[in-house]
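Colleague: I would like to see how this sequence folds:
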Amino acid sequence: MEVKETAACGISEREFAIELETDEIKEIYRVFLYAQEGSGFYDEDFLEDLKLQMSFIVGRSLEEEPSEDTNEGGINWEYTGSFYNLAFNETGARKLYQILLSIEHPGDGFDKELNSKLLEQMMEMAPNQLRNLPVINR
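Modeller: Model prediction:
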């Protein structure tokens, strides 16, 4: 997994991507599912690494309160054939970061509609990996 800046010069808002290998889509799916439902499990090291990379790459703007007017069209998944990319702008980064922070308090303080949309997009993009994915740690 790698968080990277994809565009900064000459545009009004910076753009970023979280690049995931094929098996890592499962890990981020569990994180978003845990944030949405407050049940199941996720890899704590994966989550901490993701938050750390986002903080380093996106920077101080993550601390700002995201506006309610976020262009959700600016947050989207794509599959390149070898990687899954979650592309987003600076405003979207704040919303994504709030989802990651909400893990300590599931269901609170983030855009549930956006999170649900991202979960649905992941399921459409990788149904074979996610359909029968265990989400409860036994």
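Colleague: okay but M125 is in contact with T80, surely?
Modeller: No: using Cβ atoms under 8 Å, M125 makes no contact with T80, being 11.1 Å away. The way it works is simple: take the backbone N, C-alpha and C, and place the C-beta from them, glycine included.
Colleague: my read: F88 touches A7, true?
Modeller: No: the criterion here is Cβ under 8 Å, and F88 misses it with A7 at 11.3 Å.
Colleague: find the residues that touch each one of these two.
Modeller: Listed as contacting both F88 and A7 by Cβ atoms under 8 Å, 6 or more residues apart in numbering are E15.
Colleague: ok, those two, which is more surrounded?
Modeller: Neighbour comparison, F88 and A7: the larger count goes to F88, with 25 against 13 (by other Cβ atoms under 10 Å).
Colleague: relative to S61, how far out is the spatially closest residue to R131 that is not a sequence neighbour?
Modeller: Leaving out its chain neighbours, the residue that sits closest to R131 by Cβ to Cβ, 6 or more residues apart in numbering is M123, at 7.3 Å. When distance is defined by Cβ to Cβ, to the nearest Å, M123 is 29 Å away from S61.
Colleague: next: L52.
Modeller: Taking Cβ to Cβ, one finds L52 at 16 Å from S61.
Colleague: the residue nearest to R131: neighbouring residues, count only.
Modeller: 14.
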